[in-house]
Every structure is written in structure tokens, then in C-alpha cells.
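Peer 1: just to be clear, the model below is a prediction. Sequence and coordinates:
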Amino acid sequence: MAALLHGLSRLNRGLERLLNAVLLALLLGFILLIIYQIVSRNLPLLPRLYWTEEFSRFAFQWLIMLGTAIGVYHADHFVLEAFPRGTRADLATRLIRDLSCFAVGVIFIVYGKDFAISGLRRSATASGLPMIYVYSAFSVCGVFIVLYSLERLLHAALRGMSAMEAALNTPNELDELTSDDDAALAASEQPGGPRS
């Protein structure tokens, strides 16, 4: 099991780097297309390219779906903090969150496949692009969510929830401040430690 976790972790880290590059390219393309739309409306010498509106919308949709997958990986997207940290209820809600994300990923794959295939019969109005390229975002997002959730769940099963969150979650500023305060308090209580 540890070898499976190690392999899945390496795969997911590589996929995350790839996703970050794709997201950066999509964001840059989105911004450039929007800028062109604004400038072409105000400068009559530039041709109006109607496909830029479609492509900017498509880039935005892919940004949302791929960003969601990374948010699931680092617990930035779906977070529920209703109970005191470390209690059984808190651990249960965090486990349910990861299981729910896994289930949503499976749903995206299963139903997203049919949705993507329906895009073969449709095309974008201005550009003529087959809509499968847009509709497949749900299936692709589902694959990433399943892989990332699987790593989170496997990591929690083998090493515990706290170790998994320390390794995968985006650091929380409030947790860092609390741990710094706890460390300072512990140092002041040590014999010979700083006193105020």
C-alpha cells in the first residue's frame, strides 16, 4: 500500500505541475482575448473577431474546472469547519469531505462522458469549434478529482488524517499563527525560558 501511495503521489505531483502550466496558459489566453475584445470595440481599425468571445468563455470554463481539481487536492475548495479542531466530529467531517469529493469526481466521469459525447453533435456559433472540447471539461476534472481524492484518502488511511493534511493541505494562516503562539507559550513555560 505504501508503494501505491508513493506512486500515486508522484503521479499527482507531476499532474499538478502540468495543470498549473495549463491554468497559467488559459488565464493568459483569457486575459489577452478580453483585452482584444475591449480594444477592438474602441478602435475601428481592428477587425471584430466574434470567436474571441466564445474562446474567452471556453477558457474560463476550463479554468474553473481544472482549478476546482487543484482546490480539492489541497483542501482549498470544499472546507467545513463546524467543530473544534481535533475532535471526533471534526475528523469525521473532514473524512466525509474527502469521500464526498471522491464521489463527485466519479459522478463527473460517469455523466460527464455522455455530456462530452453530446458535444460531437454541436458546434460553437462563431468559431465552429466542436463543443466536445468544451463539454469534456467535466470528465477531465472528474479524473483529476478522483486521483487527488484517492491520494488524500489513501494517505489518511496509512498515516492518519493529520499527517495527510500536513502533507497536502494548503497551510492555513490562522493555524500558523496559533502554532507560533503555542510555541512561544511553551518556550516561556520552560525553566530558564524567556519571561515577560
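Peer 2: Yep, it's here.
Peer 1: helices or strands up against the longest helix seen in the chain?
Peer 2: Identified as the longest helix of the chain according to DSSP state H is helix 2-42. Judged by 3 or more C-beta pairs under 8 Å, 6 or more residues apart in numbering; DSSP states H and E, the packing partners of helix 2-42 are helix 51-73, helix 137-159. For the C-beta atoms, the positions are set from N, CA and C on the backbone; glycine is no exception.
Peer 1: what about Leu43, distance to Gln37?
Peer 2: 11 Å (C-beta to C-beta, to the nearest Å).
Peer 1: tilt between the longest helix of the chain and helix 137-159?
Peer 2: 150 degrees (axes from the mean of the first three to the mean of the last three C-alpha atoms, to 10 degrees).
Peer 1: what's the distance between helix 2-42 and the middle of its chain?
Peer 2: Using C-alpha atoms, centre = their mean, to the nearest Å, the mean C-alpha position of helix 2-42 is found 11 Å from that of the whole chain.
Peer 1: equivalent analysis for stretch 133-151, please.
Peer 2: Per C-alpha atoms, centre = their mean, the centroid offset for stretch 133-151 relative to its chain is 10 Å.
Peer 1: next, the buried residues of it.
Peer 2: 134-151 (16 or more other C-beta atoms under 10 Å).
Peer 1: equivalent analysis for stretch 109-119, please.
Peer 2: Quick answer for stretch 109-119 (16+ other C-beta under 10 Å): 109, 112, 115-116, 119.
Peer 1: stretch 67-75 now?
Peer 2: Neighbour-count burial for stretch 67-75 flags 67-73, 75 (criterion: 16+ other C-beta under 10 Å).
Peer 1: any chance of these in CSV, with pLDDT too?
Peer 2: Below are the buried residues of stretch 67-75 laid out as CSV (pLDDT from 0 to 100):
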residue, pLDDT
Gly67, 94
Thr68, 94
Ala69, 94
Ile70, 93
Gly71, 92
Val72, 92
Tyr73, 91
Ala75, 86
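Peer 1: for those residues, give me CSV that also has distance to Leu27.
Peer 2: Formatted as CSV, the buried residues of stretch 67-75 follow (distance: C-beta to C-beta, whole Å):
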residue, distance to Leu27
Gly67, 10
Thr68, 15
Ala69, 15
Ile70, 13
Gly71, 15
Val72, 19
Tyr73, 18
Ala75, 22
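Peer 1: higher neighbour count, Leu43 and Gln37?
Peer 2: Gln37 (15 against 8; other C-beta atoms under 10 Å).
Peer 1: check contacts around Ser149.
Peer 2: Taking C-beta atoms under 8 Å, 6 or more residues apart in numbering as the contact definition, Ser149 lies against 72, 98-99, 101-102, 105.
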